[in-house]
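Engineer: prediction below, plus the sequence it came from.
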Number of protein chains: 2
Amino acid sequence: MATDDLMTRALDTLGDDGLPSVEAIHRLTDPAAVSEPMTIAEVADLLDTSPHTLRYYERAGLVDVPRDSQGHRLYDTEAVRRLVFLTRMRLSGMPMRDLQHYVALVDAGPSTEPERLAMLVEHRAFIRRRIRELNLSLTATEYKIATYGGATGPDVA
Amino acid sequence: MATDDLMTRALDTLGDDGLPSVEAIHRLTDPAAVSEPMTIAEVADLLDTSPHTLRYYERAGLVDVPRDSQGHRLYDTEAVRRLVFLTRMRLSGMPMRDLQHYVALVDAGPSTEPERLAMLVEHRAFIRRRIRELNLSLTATEYKIATYGGATGPDVA
DNA sequence: CTATGGCTTTGAGCGCGCTCGAACGCAAAC
DNA sequence: GTTTGCGTTCGAGCGCGCTCAAAGCCATAG
């Protein structure tokens, strides 16, 4: 388990309220400062995932990865950048199917930008709804902790 | 799809910021005002799920449901209450496994209250982390929408 | 020279949470 | 009386996202 992966570092820039600061945005826009090609293990560590998963993403057509003379993957800046995006989207609940569609649009050229933008806007709405749901469950859980009697229902006084 | 299920109603009590109001808490503590037994279809509609799923939860040992003279399920207040709790926990990401453990603890009596409380506290931490992750992804998505150029990376100026 | 370790490919397997199909029962509606 | 509709049980199937096993290649270490 990576203890200093991207997400961990990014979360550290947030307050306890979970609201991102201006600094957080800068970290988001500069995910991997180094520009040298990385091995699969390094990328996996950076993204807090496994080499298995990175190969799986590649097989799924989500990213193209160059090889070195021995046939080993060497992730260049472009590939790393895309994977940062992909893992972020996955983590926030976008299905593989949609990501495959998205990258197909990217590969299809600039004419598909409106559709890509529409996907992002829809995903934004999805994330917002999820956050609202989680806040509700959080409130319910906190209420249950505070008034804990052990029943499954609220057992309102 | 139920358009007036519990979650929908509860979310309506929240502001756009997703922060629950005092009223929301009251709705949470009084999920189903009626106290008459409900059919499986009614409960499914209330919880925005399917009869299939409700039977599945029962088979999984999460809840006991009384039957009428014809062998049909008649959900009493206790069962509905527990299912409200269960679906809330599921929606916020608690695994079936944990829920099975939790209800086993409930059935084991008051001596297990500390462990149940510990589970809730841990789940609260889980929800909070998820919300933080989602806020981060939300920020990233909003940034990408705002600066949209269509690449998979930020393409910082 | 022979391990050891990290990478490669391919296809298969798995854990989770449903979701469905089949065969059937009962009851109210036509 | 039969059709329609909603319910029942049981076991099987499915979609998703990984996750792994097997067999092999190459390079550096001892």
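Structural biologist: On my side now, so go ahead. Small disclaimer: the values here were computed from a predicted structure and weren't measured.

Engineer: enumerate the residues of chain A near DNA strand C.
Structural biologist: Residues of chain A lying close to DNA strand C (Cβ under 7 Å from any atom of the strand) are A:T39, A:I40, A:A41, A:P51, A:R55, A:R59, A:R67, A:G71, A:H72, A:R73. In this view, the C-beta of every residue, glycine as well, is placed from N, C-alpha and C.

Engineer: contacting residues around the second one?
Structural biologist: When you say that, I think you mean A:I40. A:P51, A:L54, A:R55, A:H72, A:R73, A:Y75 (Cβ atoms under 8 Å, 6 or more residues apart in numbering or on different chains).

Engineer: so which of these is the closest to A:M119?
Structural biologist: Of all the contacts of A:I40, A:M119 sits closest to A:L54, with 22.8 Å by Cβ to Cβ.

Engineer: neighbours of that closest one, how many?
Structural biologist: 24 (other Cβ atoms under 10 Å in any protein chain shown).

Engineer: and the helix or strand containing it, what's its mean pLDDT?
Structural biologist: Assigned by DSSP states H and E, A:L54 belongs to helix A:51-59. Taken as a whole, helix A:51-59 has a mean pLDDT of 98.

Engineer: please name the nearest non-neighbouring residue to A:L120.
Structural biologist: Closest residue to A:L120 apart from its sequence neighbours, by Cβ to Cβ, 6 or more residues apart in numbering or on different chains: B:I145 at 5.1 Å.

Engineer: now do A:T112
Structural biologist: Once flanking residues are discounted, A:T112 sits nearest to A:L105: 4.0 Å by Cβ to Cβ, 6+ apart.

Engineer: got the angle for the helix or strand hosting A:Y143 vs helix B:113-146?
Structural biologist: If you go by DSSP H and E, A:Y143 is part of helix A:113-146. Taking axes from the mean of the first three to the mean of the last three Cα atoms, to 10 degrees, helix A:113-146 and helix B:113-146 form an angle of 160 degrees between their directions.

Engineer: so how far is helix A:113-146 off the chain centroid?
Structural biologist: Helix A:113-146 has its C-alpha centroid displaced from the chain centroid by 14 Å (Cα atoms, centre = their mean, to the nearest Å).

Engineer: over to stretch A:104-115?
Structural biologist: Averaging C-alpha positions (Cα atoms, centre = their mean) puts stretch A:104-115 21 Å from its chain's average.

Engineer: so who does the residue nearest to the spatial centre of chain A touch?
Structural biologist: Centroid-nearest residue in chain A, with Cα atoms, centre = their mean: A:R88, separated by 1.3 Å. Taking Cβ under 8 Å, 6+ apart, we find A:R88 in contact with B:L136, B:S137, B:A140.

Engineer: just those residues now: which is nearest B:Q100?
Structural biologist: B:S137 (30.3 Å).

Engineer: count of neighbours near the closest one?
Structural biologist: The burial count for B:S137: 26, using other Cβ under 10 Å.

Engineer: go on, A:V63?
Structural biologist: A:V63 sits with 20 neighbouring residues when counted by other Cβ under 10 Å.

Engineer: show the pLDDT at the closest residue to it other than its chain neighbours.
Structural biologist: Nearest in space to A:V63, with sequence neighbours left out and distances taken as Cβ to Cβ, 6+ apart, is A:R82 at 5.0 Å. On pLDDT, A:R82 comes in at 96.

Engineer: element containing A:R82?
Structural biologist: Following DSSP H and E, one finds A:R82 within helix A:77-91.

Engineer: and the angle for the following helix or strand past that helix with helix A:77-91?
Structural biologist: Going down the chain from helix A:77-91, the next helix or strand is helix A:96-107, by DSSP H and E. Helix A:96-107 runs at 150 degrees relative to helix A:77-91, counting by the same axes, to 10 degrees.

Engineer: next one: helix A:96-107, is it in contact with DNA strand D?
Structural biologist: Yes - interface with DNA strand D: helix A:96-107 contributes A:M96, A:R97 (Cβ under 7 Å from any atom of the strand).

Engineer: can you give the contact residues for that helix?
Structural biologist: Contacts for helix A:96-107 (Cβ under 8 Å, 6+ apart): A:60-63, A:82, A:86, A:89-90, A:112, A:115-116, A:119, A:123, B:150-152.

Engineer: where's the dip in pLDDT among these?
Structural biologist: Lowest pLDDT among the contacts of helix A:96-107: B:G150, with 54.

Engineer: how close does A:R124 get to DNA strand D?
Structural biologist: Per Cβ to the nearest atom of the strand, to the nearest Å, A:R124 is found 18 Å from DNA strand D.
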